[in-house]
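> what's the 3D shape of this:
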Amino acid sequence: MTEDTAVEILHATHDALCTHGYADVTMQDIADEVDLCKASIHYHYDGKHDLLLAYLDHLYDRFTDRLSGTEGYPAEERLYMLVDTFISDREDEQAFQTALLEIKAQSPYDSAFRDRLERFDESFSNAIGDIVEEGIESGRFDDDVDPDAVASFLTTFVNGVQTRHVGVGHPPEESADALKEYIAETLCAGDVAPDNIELGAEAAGVGSATE
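Presented below is the predicted three-dimensional model:
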């Protein structure tokens, strides 16, 4: 399988998941999204589960690119960018988060899904912790801030926002604004004026979590 074909199949998997959801998506649905027959996809992947694991690995690579895409900005702005990247009200993002929530629901019973989701969680938490430590060292954040506690809180908050948006339709922008306010008022040092609290991920070229 060429690299281009592999990417096409993974992109088709994303589109099919957004359209049909995890429970209902089939290999035929994925084949319909790309110029390949179902047999060709089965030649490269044993089945839906195998393909979804490859898709999660693909997402993880893109996910880590997003985490590193804020480098060079002050610590508080980096956190604002990540908030805008991972808390989105885009229609395609909501469809993706719905499908991903279905996959997350399988993780207690599927160790392969769980292992991959743990990588996402650990990478996000570590990235937040590193940014907070950087902010303390640079004087942007108060020196009594606990990087581990902040990383745990923000990771849990962002996951909860995504679930709440999918489950009950709570507007994610409200949660994003609340989280930015927390960053500005709780983390930032007294002499740091968070003038760029409205700075979005697009302005930094970070992009959506799934682009």
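> And the lengthiest helix in the chain, what does it pack against?
Secondary structure of the chain read by DSSP state H shows that its longest helix is helix 111-138. Applying 3 or more Cβ pairs under 8 Å, 6 or more residues apart in numbering; DSSP states H and E, we find helix 111-138 packed against helix 48-68, helix 75-86, helix 91-106, helix 147-168. Using the backbone N, CA and C atoms, a C-beta is placed for each residue, glycine as well.
> Could you tell me the least trusted of those?
Confidence, taken as mean pLDDT, is least for helix 91-106 of the helices and strands packed on helix 111-138 (a mean of 86).
> just how off-centre is that one within its chain?
Using Cα atoms, centre = their mean, to the nearest Å, the distance from the centre of helix 91-106 to the centre of the chain it belongs to is 11 Å.
> buried stuff in that helix?
Residues of helix 91-106 classed as buried under the neighbour-count rule (16 or more other Cβ atoms under 10 Å) are 93-104, 106.
> out of these, who's nearest residue 170?
Nearest to residue 170, judged by Cβ to Cβ, of the buried residues of helix 91-106 is residue 94 at 11.4 Å.
> Pull out the buried positions in stretch 44-51.
Quick answer for stretch 44-51 (16+ other Cβ under 10 Å): 45, 48, 51.
> Let me have the residues you listed in CSV, extended by distance to residue 27.
Output for these, formatted as CSV (distance: Cβ to Cβ, whole Å):
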residue, distance to residue 27
45, 8
48, 6
51, 7
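> Which one of those residues is nearest to residue 13?
Nearest to residue 13 among these, counting by Cβ to Cβ, is residue 51 at 6.0 Å.
> is it true that the closest one touches residue 27?
Yes. Taking contacts as Cβ atoms under 8 Å, residue 51 lies within contact range of residue 27: 7.3 Å.
> between these two, what contacts are shared?
residue 41 (Cβ atoms under 8 Å, 6 or more residues apart in numbering).
> tell me which element residue 10 is part of?
Under the criterion of DSSP states H and E, residue 10 resides in helix 3-20.
> For that helix, list every residue counted as buried.
If you call a residue buried by 16+ other Cβ under 10 Å, then helix 3-20 has these buried ones: 8, 9, 10, 12, 13, 14, 15, 16, 17, 18.
> what does that helix contact?
Applying Cβ under 8 Å, 6+ apart, the contact partners of helix 3-20 are 25-26, 29-36, 41, 44-45, 51-52, 54-55, 58, 92, 95-96, 99, 210.
> All set, thanks.
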